[in-house]
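Trainee: quick check, what structure comes out for this input:
(one chain, ligands or ions: 1)
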Amino acid sequence: MVERAGSKDRNKRMTPRGRESSDVLSREPALTNRQAAEIKKPFTKKSIALVYDFDGTLSPKPMQEYAFLPKLGITAKDFWAECTALARAERADPLITYMHLMYKKAKEKGVRIDRADLVAQGRDVEFYPGVEQWFGEIEAYVASKIQADGVIIKHYLVSSGLTEIVEGTSIYKNFANVFASEYWFDAYDLPFPKRVITDTGKTQYLFRINKGLEDYNDSINAHMPEELRPIPFSNMIYFGDGETDVPSMALLKKNGGAAIAVHAPDGSAEKCVELFNAGRCDFYASADYRPGSDLYRRTTLLLDRMIADIRIKEEGAGLG
Ligand SMILES: [Mg+2]
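Mentor: Below you'll find the predicted structure:
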């Protein structure tokens, strides 16, 4: 796991405040504009966040289909159909329903799956071409640009899937933070949902990244002025594959950020076209993460724009 982000940025912006107040109290002669600019707060909003959905965006199938469902001897089609029918009949949240049903089925079949087993299942998750190299490639691209000096790329995952399975995947180490649904083991007879990340709930985590409040225990609702938020929405790109990503894409698009929709390389682009035509995303592309692909090219185009914007703001911050 890469460092839990946020605390560094918070510390940075706290320092200049004390300096400003002591300047007011000091009896030194007034500063020239140049001197004032020199001691001005350094421009800190140089992090760019790439935020990914998991199922259908990084991996072709929902993560539960690689090991959990086969272990129970249930086909994915039957399992999801039962979830949908049950959630509708009971007017229950579909995500809570799937989390409950997975363990109810396991119990019925006498299959014990604990936390360590779920983490181990992460090893079976497959990815679209190039995903495992993508994080390094993007970081190398940014590092190669002179204009991007000091720009930090952070990858985040926001998923309705399971934290435990994600932890076991080969790509887990690349994320600055992972926000996903999670079980509470040994709380009750069956593991109980500890956290459920719904489609609209995903937007909470975009605000957490934006405000630097990435600890689940940090209260997210208090007002924070824009200038104190470490990663502006305009420094974020969201990657998703469908309807469940609409709230996140809409939030970023309305606040100057960017979104890219992906579709399976061998699948239909219909949903992506729909999202694009509705103004939900800047681009769509086949989920091919290899350098030179449309997805790589369009992502780096957006990065070029963000890097230029950061440089312009940084240049301006030193004036006046
Ligand atoms: Mg998805």
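
Trainee: for the ion, what's its nearest residue on the stretch 101-250 of the chain.
Mentor: Residue of the stretch 101-250 of the chain nearest the ion, by CB to the ion: residue 241 (4.4 Å). C-beta coordinates here come from the backbone N, C-alpha and C atoms, glycine included.

Trainee: residue contacts, that residue?
Mentor: Listed by CB atoms under 8 Å, 6 or more residues apart in numbering, the contact set of residue 241 reads 53, 55, 56, 57, 261, 262, 263, 271, 272, 287.

Trainee: residue numbers of the stretch 1-150 of the chain in contact with the ion?
Mentor: Proximity of the stretch 1-150 of the chain to the ion (CB under 5 Å from the ion) is limited to residues 53, 55, 56.

Trainee: does the second one touch residue 66 like I think?
Mentor: Translated: residue 55. No - judged on CB atoms under 8 Å, residue 55 makes no contact with residue 66 at a distance of 10.7 Å.

Trainee: strands along the stretch 101-250 of the chain, start to end?
Mentor: All strands of the stretch 101-250 of the chain, identified by DSSP state E, counting those that start in this stretch, fall at 152-162, 175-184, 192-195, 236-240.

Trainee: quick one: residues in contact with the shortest one.
Mentor: Same thing as strand 192-195. Outside strand 192-195, the residues within contact range by CB under 8 Å, 6+ apart are 95, 96, 99, 100, 163, 180, 181, 182, 183, 184, 187, 216.

Trainee: and what of the last one?
Mentor: Contacts to strand 236-240, defined as CB under 8 Å, 6+ apart, come from residues 48-53, 57-58, 206, 209-210, 245, 248-249, 252, 257-262, 299, 302-303, 306.

Trainee: low-confidence ranges in the stretch 151-300 of the chain?
Mentor: Residues of the stretch 151-300 of the chain that meet the criterion pLDDT under 70 lie in 187.

Trainee: where does it come near the ion, residue by residue?
Mentor: Selection of the stretch 151-300 of the chain residues close to the ion by CB under 5 Å from the ion yields residue 241.

Trainee: what's the closest non-adjacent residue to residue 232?
Mentor: Spatial nearest neighbour of residue 232, excluding adjacent residues (CB to CB, 6 or more residues apart in numbering): residue 45 at 5.8 Å.

Trainee: count of neighbours near that neighbour?
Mentor: Neighbourhood size, residue 45 [other CB atoms under 10 Å]: 20.

Trainee: could you check which helix or strand contains it?
Mentor: In this structure, residue 45 sits in neither a helix nor a strand according to DSSP states H and E.

Trainee: was I right to think it contacts residue 226?
Mentor: No - Residue 45 is beyond contact range of residue 226, at 10.0 Å (criterion: CB under 8 Å).

Trainee: mutual contacts of those two, please.
Mentor: Contact criterion CB under 8 Å, 6+ apart; residues shared by residue 45 and residue 226: residue 232.

Trainee: how about the residue of the stretch 101-250 of the chain closest to the ion, nearest residue that isn't a chain neighbour?
Mentor: Excluding the flanking residues, the one nearest residue 241 by CB to CB, 6+ apart is residue 56, at 3.8 Å.

Trainee: got it, and residue 103?
Mentor: In space, and not counting its chain neighbours, residue 103 is closest to residue 190: 4.5 Å by CB to CB, 6+ apart.

Trainee: if I look at the one you found, how far off is residue 113?
Mentor: The gap separating residue 190 from residue 113 is 11 Å, by CB to CB, to the nearest Å.

Trainee: can you list residues touching both of those two?
Mentor: With CB under 8 Å, 6+ apart as the test, residue 190 and residue 113 both reach residue 103.

Trainee: these two: which is more packed in?
Mentor: Taking neighbours as other CB under 10 Å, residue 190 and residue 113 compare with residue 113 leading, 21 against 14.

Trainee: need the contact list for the more buried one.
Mentor: Residue 113 sits next to 68, 71, 103, 106 when contact means CB under 8 Å, 6+ apart.

Trainee: now for the residues you listed, which pair is the farthest apart?
Mentor: 71 and 103 (12.0 Å; CB to CB).

Trainee: between these two, who's got more neighbours?
Mentor: Legend: neighbour count by other CB under 10 Å for residue 71 and residue 103, higher for residue 103 (21 against 16).

Trainee: confirm for me that that one is in contact with residue 191.
Mentor: Yes - the pair residue 103 / residue 191 is scored as a contact, 5.2 Å apart, by CB under 8 Å.
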